[in-house]
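> Prediction below, plus the sequence it came from.
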Amino acid sequence: MDKKLQGKPFNRLFFKVYINYALVLTLFAILVGLIFMNLYESATMENYREKMLKQAIVVVKNLSKAITNKEIVSYLDYQNNVQEMDDETDIWTISNPGAKNPMDKQFENFSLEDVTLPKDFVTVVEKAFQGKHTNKSGYYEELGGKNAIQGYPVIINGEVVGAVLISTEIKNQEEIINSSTHLIFFSVGIALSISFIIAILFARGITKPITSMRSAALLLADGKYETKLDLKRKDEIGDLATTIDILADRLKENEEERQNRDQMRTDFFANVSHELRTPITVVRAYTEMLVDGIVTDEEKVMQYHAKILAECKGMERLVGDLLLLSKMQNPDFEVEKEPVNVVQIFDDLIRSFHPRCQDRQIEMIFTKEYPVCIMMGDYDRLKQMFLIILDNAVKFSMNDSKIHINIVKTDKLLISVRDEGVGIAEDELPYIFDKFYRSKLKQNEQGSGLGLAIAKQISLKHDGEIMVKSEKGKGTEFVFTFQSLENYVEELDIS
């Protein structure tokens, strides 16, 4: 994949981002440059026309005064002085032949009949004779280049007696505009160069973290779940990097969970094999002895048959517990819930344990706030769960001791079973709910190590919690927490 991208640089995101950004900048710069040049050229020419107009107004004012006072010589001297000061400007005075009292021919230094003028000149003069101010500009061969012309009427006593025509070469203005154009485009070029550098940094700022995320994704695909980006950006790229880090954590957790499940599965099969090997060996040994006729005494034969039957029942119980635990651990398995009176369950269990407790002088003390404490659950499963807990309580209790059963209903349903037995060592507490875990106590020799694991799974299937408090030599307390029926109904109504 890397070689493929290296062979086609035009397909790389960096190149695409950079080119698009650079093209936008270039087009924007060119567009702004052209608009600015047009505006600058228009403004320059407009300012120049304004200057010519002011000059024409001054000339017309002096000419009108001279016509009124018949100061021909002084005006002609004034006009010559003006033209000498600006050799690029020509000032022409033209008499209006259509006026009743036209301007004196002595003031006139230009005649329409004497020369052939460009059309724009004729138009400007005609507009001036109509009392209108007009300006034109362009390239005129008759004048040998680009010129700007202004026409302004000369009005005496309300009548247009003539016109003042000012013509100026705009060569210098064009040079100024061209010089400004070069400066503007040079500035645009410098700005574009800086912008291209910024574009590189911008493109790299986008593509570098994406490249890092791509590399991280490939590492995650290879199973290297410890990969982290740790990219600190407060934008969408930062959010994506954070998401990849979260994904890495989840994948790592899933991998650890998978390994734990594999280990648990391995341990499970090892434990099952171990648990079944002993009773199968015993059954085989007794059976071989019976088949080979080694044991013929009727009483011993009956004893062997009884031991074989006991071992078979033990294996049946073990297989049954394994099937039940497997069913409970299945995420898709759901217990059928209905209103169950927990008090009734313990009443039934206490009656069934009474003979066994009586033999060892163990007293079961049952306290409850209400005669009826209802929760949603499966009666048989709940009875089996509490049976396991009570069986352990009796098994590990001392003779002539007490077992305390307490049910409290607050916002939750709290059920406590506490014995005064041998207790559980602190280092064993974290493992008592593991499959096939058995303490080394004499009372637990016949246990399969599945009872508490089954009890915990039944509790979880009823959305409950189970906690254990124990101290070596002072007894053990199991505390269950479930939703009461009232809270269960309220939750259903809310949802």
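All right, it came through fine.
> quick one: pLDDT of residue 369?
Residue 369 carries a pLDDT score of 84 in this model.
> Setting the sequence-adjacent residues aside, check what's closest to residue 59.
Once flanking residues are discounted, residue 59 sits nearest to residue 164: 5.1 Å by Cβ to Cβ, 6 or more residues apart in numbering. Placement of C-beta: from N, CA and C, glycine included.
> quick one: that neighbour is in a strand?
Yes. Residue state for residue 164 (DSSP: H, G, I helix; E, B strand; the rest coil) corresponds to a strand.
> can you offset everything so residue one is 843?
New numbering, starting at 843: the last item is residue 1006.
> Neighbours of it, how many?
A total of 25 residues lie near residue 1006 under the criterion other Cβ atoms under 10 Å.
> part of a helix, is residue 1188?
Yes. According to three-state DSSP, residue 1188 belongs to a helix.
> From what I see, it and residue 1227 are in contact.
No. Using Cβ atoms under 8 Å, residue 1188 makes no contact with residue 1227, being 11.7 Å away.
> Pull the contacting residues for residue 907.
Residues near residue 907 by Cβ atoms under 8 Å, 6 or more residues apart in numbering: residue 913.
> Sticking with it, tell me its helix or strand.
Assigned by DSSP states H and E, residue 907 falls within helix 855-911.
> And for residue 1121, nearest residue in space, chain neighbours not counted?
Nearest to residue 1121 is residue 1153, by Cβ to Cβ, 6+ apart, at 4.2 Å.
> For the stretch 1193-1337 of the chain, give me the ranges with low pLDDT.
Across the stretch 1193-1337 of the chain, the ranges flagged by pLDDT under 70 are 1279-1290, 1328-1337.
> again, only this time at 80
Across the stretch 1193-1337 of the chain, the ranges flagged by pLDDT under 80 are 1277-1293, 1326-1337.
> hey, where'd the strands end up in it?
Here the stretch 1193-1337 of the chain has its strands, by DSSP state E, counting those that start in this stretch, at 1205-1210, 1216-1219, 1244-1251, 1254-1261, 1307-1313, 1317-1325.
> Give me the most central residue, this protein.
Nearest to the geometric centre of the chain sits residue 1081, at 3.9 Å (Cα atoms, centre = their mean).
> Now do the phi/psi pair for that residue.
Dihedral pair for residue 1081: phi -60, psi -40, per degrees, to the nearest 10.
> count of residues packed around the closest residue to residue 1192 other than its chain neighbours?
Leaving aside its sequence neighbours, residue 1192 sits nearest to residue 1206 (Cβ to Cβ, 6+ apart; 5.3 Å). A count of nearby residues for residue 1206, using other Cβ under 10 Å, gives 20.
> Now do the contacts for residue 1206.
Contact analysis of residue 1206 by Cβ under 8 Å, 6+ apart lists 1192, 1195, 1196, 1199, 1244, 1245, 1247.
> Count the neighbours of residue 1215 for me.
Residues within reach of residue 1215, counting by other Cβ under 10 Å, total 23.
> the more surrounded of residue 1188 and residue 1227?
Taking other Cβ under 10 Å, residue 1188 and residue 1227 do not tie; residue 1227 has more neighbours (27 against 21).
> what separates the nearest residue to that one once chain neighbours are set aside from residue 1293, distance-wise?
Closest residue to residue 1227 apart from its sequence neighbours, by Cβ to Cβ, 6+ apart: residue 1300 at 4.2 Å. Noted for residue 1300: a distance of 11 Å to residue 1293, by Cβ to Cβ, to the nearest Å.
> Please parse the protein into its domains.
857-1018, 1078-1170, 1176-1336 (automatic domain parsing).
> Please produce a markdown table containing those domains, extended by distance to residue 1037.
Below are the domains of the chain laid out as a markdown table (distance: least, Cβ to Cβ, whole Å):
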| stretch | distance to residue 1037 |
| --- | --- |
| domain 857-1018 | 5 |
| domain 1078-1170 | 22 |
| domain 1176-1336 | 58 |
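> wait, which of those is closest to residue 1057?
domain 1078-1170 (10.6 Å; Cβ to Cβ).
> What segments of the stretch 893-1042 of the chain are strands?
Under DSSP E, counting those that start in this stretch, the stretch 893-1042 of the chain gives strands at 931-937, 976-982, 987-998, 1001-1011.
> so which of those is the most packed in?
When you average the neighbours per residue for each of the strands of the stretch 893-1042 of the chain (mean count of other Cβ atoms under 10 Å), strand 1001-1011 leads with a mean of 22.
> related to what we said a few turns ago, which stretch among the strands of the stretch 1193-1337 of the chain comes nearest residue 895?
Nearest to residue 895 among the strands of the stretch 1193-1337 of the chain is strand 1317-1325 (95.2 Å), distances taken as Cβ to Cβ.
> and the angle from the closest one to strand 1254-1261?
Orientation check (axes from the mean of the first three to the mean of the last three Cα atoms, to 10 degrees): strand 1317-1325 against strand 1254-1261 gives 160 degrees.
> Grab the CA positions of strand 1317-1325 and hand them over as CSV.
In CSV, the C-alpha atoms belonging to strand 1317-1325 read as follows (Å, rounded to 0.1, in the frame of the first residue of the first chain):
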residue,chain,number,x,y,z
GLY,A,1317,-18.1,-16.5,60.3
THR,A,1318,-19.2,-15.4,56.9
GLU,A,1319,-22.0,-13.2,55.6
PHE,A,1320,-23.5,-13.2,52.1
VAL,A,1321,-25.5,-10.1,51.2
PHE,A,1322,-27.8,-10.0,48.2
THR,A,1323,-29.3,-6.9,46.7
PHE,A,1324,-32.3,-7.0,44.4
GLN,A,1325,-35.0,-4.7,43.1
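> which neighbours does it have in its sheet, and in what orientation?
strand 1254-1261 (antiparallel), strand 1307-1313 (antiparallel) (DSSP bridges).
> Not counting its own residues, what contacts the shortest one?
If I follow you right, that is strand 1307-1313. So strand 1307-1313 is contacted by 1265-1266, 1271, 1274-1275, 1297-1298, 1301, 1318-1323 (Cβ under 8 Å, 6+ apart).
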